[in-house]
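1. here is my input; please provide its structure:
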Amino acid sequence: MDEEFATRTGPATAWSLVVPLKPLRIAKSRLAAATGDALRPRLALAFALDTVAAALACPAVREVAVVTDDPTAAAELSALGARIVPDTPADGLNAALAHGARAVRAVRPRAALAALNADLPALRPAELARVLAAAEDFPRAFLTDAAGIGTTLLTAGPGVELNPAFGGPSRMEHMSTGAVEILLTGVDSVRRDVDTGEDLLRAAELGLGPRTALRYERRGRDAAYGANPEYGDGERRTYAQNRGHEAPGPIPAPGPGC
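-> Prediction:
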């Protein structure tokens, strides 16, 4: 065990994950059109907690370092077992990821790194393990998001720089820097990041992690989004429901403001 944070033994490659998280007061701004501004930061925190909890439950993951300056998020994520790295560059997503990668390798110079989005509330440990196993074959690799435009995960093997290029059409950016795209089916939970109300609906169809599901149900999908008869029982599934909780009502697609 290292001085600063706990680790585990696991597969041949034990990955150190770096997860960036904006201050909650400004996180997930596009989600506000669907959820309201009061619920938005609570959901952003729930997304991050469910993402990190699932990552820590993945046998291929040695540790998770979260780069954030938000004190509330830092306290709750630390309680899960994540290492908190202050975002001292304070210069955006890619600077935060590069800073987190340096912090990890200051302790483990040969660490295998993976940058992972903080907004994967349906993340499944087994699916993440499959993606990381596929990434072992390449110096740098990435997984595109559900839209096929962005990136949800970027890896760098031991001795290889992460060189993150997240934001906007990052799939093409990462390909242009030599990263290999991971082509797997059946890993939807690793692809499904959430920026809008429509994204949240799709994540709920996969099954939300317990913290996001609690927020989702407490507000009530009908109350948060208005009734829409087009959505049926097939869209009521959440992780919490699978654990025996009552399924909430249907959530319609958000309007064009999302």
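2. so which bits of stretch 177-194 are buried?
-> Of the residues in stretch 177-194, Ala179, Val180, Ile182, Val187, Asp188, Ser189, Val190, Arg191, Arg192, Asp193, Val194 count as buried by neighbour count, 16 or more other CB atoms under 10 Å. The way it works is simple: take the backbone N, C-alpha and C, and place the C-beta from them, glycine included.
3. repeat that for stretch 77-92.
-> Leu77, Gly81, Ala82, Arg83, Ile84, Val85, Asp87.
4. repeat that for stretch 142-160.
-> Result for stretch 142-160 [16+ other CB under 10 Å]: buried residues 142-146, 150-157.
5. of those, closest to Val67?
-> Val67 has its nearest neighbour among those in Leu154, at 14.1 Å by CB to CB.
6. on that earlier part again, could you dump the buried residues of stretch 142-160 to TSV with pLDDT and secondary structure?
-> Formatted as TSV, these follow (pLDDT from 0 to 100; DSSP: H, G, I helix; E, B strand; the rest coil):
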residue	pLDDT	secondary structure
Phe142	98	strand
Leu143	98	strand
Thr144	98	strand
Asp145	98	coil
Ala146	98	coil
Gly150	98	coil
Thr151	98	strand
Thr152	98	strand
Leu153	98	strand
Leu154	98	strand
Thr155	98	strand
Ala156	98	strand
Gly157	98	coil
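7. farthest-separated two in those residues?
-> Ala146 and Gly157 (25.5 Å).
8. state the pair within the buried residues of stretch 77-92 that is farthest apart.
-> Using CB to CB for every pair in the buried residues of stretch 77-92, the one that comes out farthest apart is Gly81 and Asp87, at 19.6 Å.
9. please, which helix or strand holds Leu132?
-> For Leu132, the host element (DSSP states H and E) is helix 125-135.
10. now for that helix, which elements pack on it?
-> helix 39-56, strand 140-144, strand 151-156, helix 188-191 (3 or more CB pairs under 8 Å, 6 or more residues apart in numbering; DSSP states H and E).
11. indicate which one of the ones you listed is closest to Ser170.
-> strand 151-156 (4.2 Å).
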